[in-house]
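> No sequence on hand, only this structure:
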Ligand SMILES: O=C(NCCc1nnc(-c2ccc3[nH]cnc3c2)[nH]1)c1cc(-c2ccc(F)cc2)cc(O)c1O
Ligand SMILES: [Mg+2]
């Protein structure tokens, strides 16, 4: 039977990346996507912006919405201090199966909890079921029409505190117009746009960083 793109991406990681070395896993995936097949990872250009936001936030508790193959999961986890943890939500079981193997190959599995299910169902369970108080950083990279409802849901569930950072991928391409309008006009957020490009292309895209003001 035909392999899927995530399966071929995992194959490249297991063939070329050094076990336990997150940077080599990231490099291998970026090379695969540039030289073999495009895939919807945040990529190396936007990935550098993600790295700088993670390091300046120095988060203890991180939520990622949309794991896909685990590229940004590995990128974020490799920058976290030892006791910090990253919860990543993935809806698609085939993506989740691949992501678990990429995360383990990179050796960051002890900092990561991958949960399968819909963000709308799982976010209200974060406190009771996952022992979360509030998130210091949320990376939004899932379905683009879920960014706004899930942000409102996180507010309602008390998962954001004064100073919590939301970092959203793809605010230009594919685009999240309702989310952008909300975070840029709400008095409860201070927003900043980081202009970049759609992963592995020359198409404009960018990340929106929004600080929750409480
Ligand atoms: O769709 C994207 N990303 C979303 C995947 C996903 N992976 N997981 C989910 C999920 C959806 C509900 C969920 N509920 C709970 N977890 C969930 C996870 N969604 C995406 C698409 C593009 C893209 C750009 C230009 C094109 F021509 C084609 C494509 C670029 C990107 O950087 C993306 O992130
Ligand atoms: Mg994305």
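That came in fine, so what should we check first? Please read all numbers here as calculations on a predicted model, not as lab measurements. Numbering: from 1, shown residues only. Ligands and ions are numbered 1, 2, ... in the order given.
> from what I can see residue 68 touches residue 96, true?
No - under the criterion of Cβ atoms under 8 Å, residue 68 lies out of contact with residue 96, with a separation of 9.4 Å. In this view, the C-beta of every residue, glycine as well, is placed from N, C-alpha and C.
> quick one: common contacting residues for the two?
Taking Cβ atoms under 8 Å, 6 or more residues apart in numbering as the contact definition, residue 68 and residue 96 share the neighbouring residues residue 90.
> In terms of neighbours, single out the busier of these two.
Counted by other Cβ atoms under 10 Å, residue 68 and residue 96 do not tie: residue 68 has more neighbours, with 24 against 21.
> need the contact list for the more buried one.
Each residue near residue 68 by Cβ under 8 Å, 6+ apart is listed here: 6, 39, 40, 41, 90, 95, 99, 141.
> The same query, at a cut-off of 10 Å, please.
6, 9, 39-42, 88, 90, 92, 95-96, 98-99, 102, 141-142 (Cβ atoms under 10 Å, 6 or more residues apart in numbering).
> out of those, which are buried?
6, 9, 39-42, 88, 90, 95-96, 98-99, 102, 141-142 (16 or more other Cβ atoms under 10 Å).
> which bits of this structure sit near ligand 2?
For the chain, the residues in contact with ligand 2 (Cβ under 5 Å from the ion) are 141, 169, 170.
> can you put those in TSV and add distance to residue 194 and pLDDT?
Written out in TSV, the entries for the residues of the chain next to ligand 2 read as follows (distance: Cβ to Cβ, whole Å; pLDDT from 0 to 100):
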residue	distance to residue 194	pLDDT
141	14	99
169	10	99
170	12	99
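> Tell me the one among the residues you listed nearest to residue 49.
Residue 49 has its nearest neighbour among these in residue 169, at 9.7 Å by Cβ to Cβ.
> distance of the closest one from residue 88?
If you measure residue 169 against residue 88 using Cβ to Cβ, to the nearest Å, the figure is 13 Å.
> who touches both of these two?
With contacts defined as Cβ under 10 Å, 6+ apart, the residues shared by residue 169 and residue 88 are 65, 66, 72, 139, 141, 142.
> Assumed the fourth one was part of a strand.
It stands for residue 139. Yes - remark: residue 139 belongs to a strand, assigned using DSSP: H, G, I helix; E, B strand; the rest coil.
> Can you report how many residues neighbour it?
27.
> OK, contacts around it?
Taking Cβ under 10 Å, 6+ apart, we find residue 139 in contact with 42, 50, 53-54, 62-66, 72-73, 75-76, 86, 88, 165-169, 207.
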